[in-house]
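> Quick one, structure for this:
(one chain, ligands or ions: 1)
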Amino acid sequence: MPASAAHRVLLLVGDSFSFRKVSGFSWVAPVRSSVRFFGRSSNESGPLTLVSLGIKSEIETTSLNEKNKLSQGVSTIEVPRRRDKKVNMSGIKGVRKKERVDVEALAPFAAKSFSELGLPPLLIERLEREGYQVPTDVQAAAIPPILKNHDVVIQSYTGSGKTLAYLLPILSEVGPLKKDDEPRNRMDIEAVIVAPSRELGMQIVREFEKLLGPADKRLVQQLVGGANRSRQEEALKKNKPAIIVGTPGRIAEISAAGKLHTHSCRYLVLDEVDQLLAFSFREDLHRIIGHVGRRSGAGLPGANGPETTRADRQIIMVSATVPFSVIRAARSWGCDPLLVQAKNVIPLESVAPRAPLNPLGTSSDSNLGTNLQTQAPMSLPPSLKHYYSVTRIQHKVDMLRRCVHAVDAKCVIAFMNHSKKLKDAVFKLEARGMKATELHGDLSKLTRSTILKKFRNGEVRVLLTNELSARGLDIPECDLVVNLELPTDSIHYAHRAGRTGRLGRRGTVVTICEEAEVFVVKKLQKQLGVCIEACEFTEGKLVVNEEEKT
Ligand SMILES: Nc1ncnc2c1ncn2[C@@H]1O[C@H](COP(=O)(O)OP(=O)(O)OP(=O)(O)O)[C@@H](O)[C@H]1O
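Residues are numbered from 1 along each chain as shown. Okay, the predicted model is just below:
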């Protein structure tokens, strides 16, 4: 079959697709059989297995009985024979092979250590030194497919460790901790990570630096807006970094000026991808997609040009919320992308058009149907407790203060929609003896970093902020999130709420609203599939309104 024709054919042999629960894990599998997802190149042999992934063969993800059931009449999905991706390693164009994929084998959900995931020993040593002992579910699910060169969309709830899920496979191939000791072509940028805010960009850089150590931290450079551009360009020239982390505007700007050479880049990561697809980033993202990992003369994403004009890079898209626009983008920009969730790895092709991955499609998405209830919690940490409390607009800040005392919260992020109102709220809290500060986009980069540092150090108890801080910000100590003004939709609620309860910690989310806004809270509750209980703050305690409950 010619490659172009194969590309379009998804051959389902055997039974139709359905989600299937096996030993508590959800798989996409034909009703009576395991799924094989064959593809890539004709000279590949044998399915991708736990062994081929470098994962111990004794790891069992299903019970014996379930396994027997699964193996009756193996059905296969013949997925497109894809062209192999070419990767530039030390200036030599090598062939980046994607192997036959046995989807079942791709996700070692029972991984007990990083060494089971096929990471190089040096990197594992560093992880241990930094106190990372066991991979989170999403890391265990995502690392093997990325190491096998698959384009992926990673979707998992806030604070579940998605950053390391893509950072570790990159460090396995790039920099001093990588698998082989092949020397690097010093001119090449090998990975570009795009994040929607400076704060998130800087946080990702810190994660890289932590693992690389002081001697090699120059291998990573941040290109975020708000900082001196010529200094960033000079640093690029001088340090010759292998990894770039930045915001779309600054990356696109420096690339357009011809100072950033990313044509032979191997990895392109879009963190908080659903936000990056917003209209405001469109032009910059278009430039990045069109240039990173794309030799000159290459076709535009999704174009049906000859094979040689397609991108060589591996694309990794990440978010807690994946509306259908992300699926569409991944199909267009990626090559047989996989959808990776904490306990689920499936070909993206098998996601039905407009079917929700989670309920948090934009309001224009018509898919907010019955699946919504069952899949909702995937974007929110299960450990969170959600409440709302009603008051008049002029008493909101005072209620925030009482809420902080009632929950005995030490590290609080309170969200408002407009930065102009933040100052007023800070003033009121400080006047009542509560240490507070504001953080928003109108402040300079330096001021923003200083404020965040103080907040992280515990010098400030309440951080009043807007949507700027809703995405990706990782402050593990944050034990309370308050919506002083309602978020615009369930996606925004999920990301705001996700600033607390990170990586299994406990967290409380309180929405302070007016009587006339309660119906919005009820709607959010329905869309998110979580219980948001009515409460009051009396005598220094959070009291659930039992009447409302019934
Ligand atoms: N395997 C691990 N062991 C211990 N801690 C970890 C592990 N993986 C990640 N963490 C820590 O968990 C926290 C949350 O991780 P991270 O910020 O990557 O979450 P996330 O899923 O990207 O969240 P968000 O969706 O909000 O961006 C971080 O402080 C990180 O250092």
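> what's around the closest residue to the ligand within the stretch 251-400 of the chain, how many residues?
Here the stretch 251-400 of the chain gets closest to the ligand at one residue, Ala320, 4.2 Å apart by C-beta to the nearest ligand atom. Every C-beta, even on glycine, is put in place using the N, C-alpha and C of the backbone. By other C-beta atoms under 10 Å, the residues close to Ala320 number 26.
> Isn't it up against Tyr493?
No - using C-beta atoms under 8 Å, Ala320 makes no contact with Tyr493, being 11.4 Å away.
> Break down the stretch 201-350 of the chain into its helices, ranges please.
Ranges of helices in the stretch 201-350 of the chain, per DSSP state H, counting those that start in this stretch, are 229-239, 248-256, 273-276, 282-291, 324-333.
> residues near Ile189, how many?
With other C-beta under 10 Å as criterion, Ile189 counts 23.
> Confirm it sits in a helix?
No - with DSSP: H, G, I helix; E, B strand; the rest coil as the criterion, Ile189 is located in coil rather than a helix.
> quick one: it from Leu211, how far?
Taking C-beta to C-beta, to the nearest Å as the measure, Ile189 falls 19 Å from Leu211.
> And Asn457, by the same measure?
Computed as C-beta to C-beta, the Asn457 to Leu211 distance reads 23 Å.
> Those two: who's more crowded?
Neighbours were counted for Asn457 and for Leu211 using other C-beta under 10 Å; Leu211 has more, 21 against 9.
> What residues does the more buried one make contact with?
Residues in contact with Leu211 (C-beta atoms under 8 Å, 6 or more residues apart in numbering) are 123, 126-127, 130, 167, 171, 177.
> Most neighbours among the residues you listed, please name it.
That'd be Leu171 among the contacts of Leu211, by other C-beta under 10 Å, with 27 neighbours.
> Go ahead and confirm Ala140 touches Gly118.
No - in this structure Ala140 lies outside contact range of Gly118 using C-beta under 8 Å: 11.1 Å.
> So those two - more neighbours on which side?
Shown here are Ala140 and Gly118; by other C-beta under 10 Å, Ala140 has more neighbours (26 against 18).
> what's the helix or strand for the more buried one?
Ala140 belongs to helix 137-147 when assigned by DSSP states H and E.
> distance between that helix and the chain's centre?
12 Å (C-alpha atoms, centre = their mean, to the nearest Å).
> for stretch 529-540, same thing?
30 Å.
> average pLDDT for it?
On average, the pLDDT along stretch 529-540 is 94.
> rewinding a little: out of the contacts of Leu211, who's nearest Val205?
Ranked by distance to Val205 (C-beta to C-beta), the contacts of Leu211 are led by Leu167 at 10.6 Å.
> and that closest one, what pLDDT?
Leu167 carries a pLDDT score of 98 in this model.
> what about it, distance to the ligand?
Separation of Leu167 from the ligand (C-beta to the nearest ligand atom, to the nearest Å): 8 Å.
> what do you get for Met202?
Distance, Met202 to the ligand, by C-beta to the nearest ligand atom: 13 Å.
> and the closest residue to the ligand within the stretch 1-150 of the chain, how many neighbours?
Nearest residue of the stretch 1-150 of the chain to the ligand: Tyr132, at 4.4 Å (C-beta to the nearest ligand atom). Counted by other C-beta under 10 Å, the residues lying close to Tyr132 total 18.
> likewise the one 3 residues further on?
Counted with other C-beta under 10 Å, residues neighbouring Pro135 total 25.
> Please apply the same query to Phe427.
By other C-beta under 10 Å, 12 other residues sit near Phe427.
> mind checking pLDDT for it?
Taking Phe427 on its own, its pLDDT is 96.
> what's the helix or strand for it?
Per DSSP H and E: helix 420-431 holds Phe427.
> Check which helices and strands that helix sits against.
If you count contacts as 3 or more C-beta pairs under 8 Å, 6 or more residues apart in numbering; DSSP states H and E, helix 420-431 packs onto helix 396-407, strand 436-439, strand 462-465.
> and the ones you listed, which is most packed in?
Scoring the helices and strands packed on helix 420-431 by mean neighbour count under mean count of other C-beta atoms under 10 Å gives strand 462-465 as the most buried, with a mean of 26.
> Now do the helix or strand that that strand is followed by: everything it contacts.
Under the assignment DSSP H and E, the closest C-terminal helix or strand after strand 462-465 is strand 480-483. Applying C-beta under 8 Å, 6+ apart, the external contacts of strand 480-483 come out as 400, 403-404, 407, 409, 411-415, 493, 496-497, 499-500, 507-513.
> Apply 7 Å and report the result again.
400, 403-404, 407, 409, 412-415, 496-497, 499-500, 508-512 (C-beta atoms under 7 Å, 6 or more residues apart in numbering).
> Which members of these occur in strands, if any?
412-415, 508-512 (DSSP state E).
> of these, closest to Thr488?
Nearest to Thr488 among those: Phe415, at 11.0 Å, using C-beta to C-beta.
> I figured the closest one was touching Cys478, is that so?
No - with contact defined as C-beta atoms under 7 Å, Phe415 and Cys478 do not form a contacting pair (12.0 Å).
> the more surrounded of the two?
Phe415 (27 against 24).
> do you know how far that one is from Lys396?
Noted for Phe415: a distance of 12 Å to Lys396, by C-beta to C-beta.
> Report the helix or strand with the lowest average pLDDT across the chain.
strand 75-78 (a mean of 26; mean pLDDT, DSSP states H and E).
> tell me the contacts of Lys435?
Residues in contact with Lys435 (C-beta under 7 Å, 6+ apart) are 460-461.
> Equivalent analysis for the one 4 residues further on, please.
By C-beta under 7 Å, 6+ apart, the contact set of Leu439 is 448, 451-452, 463, 465, 468-469.
> Tell me the spacing between the closest residue to it other than its chain neighbours and Leu276.
The spatially closest residue to Leu439, leaving aside those adjacent along the chain, is Thr465, at 4.3 Å (C-beta to C-beta, 6 or more residues apart in numbering). In this structure, Thr465 and Leu276 are 20 Å apart, going by C-beta to C-beta.
> Please apply the same query to Arg432.
Going from Arg432 to Leu276 by C-beta to C-beta gives 39 Å.
> So which of the two has more stuff around it?
Neighbour count, other C-beta under 10 Å: between Arg432 and Leu276, Leu276 has more, with 24 against 11.
> Thought Gly246 was touching the more buried one, still the case?
No - when contacts are counted by C-beta under 7 Å, Leu276 is not listed as touching Gly246 (11.9 Å).
> Between the two, which contacts overlap?
Val194.
> Those residues of the stretch 201-350 of the chain touching the ligand, which are they?
For the stretch 201-350 of the chain, the residues in contact with the ligand (C-beta under 6 Å from any ligand atom) are Ala320.
> how about the strands in the stretch 151-300 of the chain?
152-155, 191-194, 220-223, 243-246, 267-271 (DSSP state E, counting those that start in this stretch).
> Make TSV out of those and add mean neighbour count.
Output for the strands of the stretch 151-300 of the chain, formatted as TSV (neighbours: other C-beta atoms under 10 Å):
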stretch	mean neighbour count
strand 152-155	27
strand 191-194	28
strand 220-223	24
strand 243-246	27
strand 267-271	26
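> Can you add distance to Ile288 and give those strands back as TSV?
Formatted as TSV, the strands of the stretch 151-300 of the chain follow (distance: least, C-beta to C-beta, whole Å):
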stretch	distance to Ile288
strand 152-155	17
strand 191-194	6
strand 220-223	11
strand 243-246	10
strand 267-271	7
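> where does this structure have low pLDDT?
1-110, 183-187, 295-311, 353-377, 548-550 (pLDDT under 70).
> what does it put close to the ligand?
Proximity of the chain to the ligand, by C-beta under 6 Å from any ligand atom, involves residues 132, 134-136, 139, 156, 158-164, 320, 472, 474, 476, 498, 502-503.
> from those, which ones fall inside helices?
Among these, the ones falling in helices (DSSP state H) are 139, 162-164.
> ok, Glu485 - how many residues close by?
By other C-beta under 10 Å, neighbour count at Glu485 equals 19.
> OK, contacts around it?
Applying C-beta under 7 Å, 6+ apart to Glu485 gives the contacts 415-417.
> How about the secondary structure of it?
Going by three-state DSSP: Glu485 is coil.
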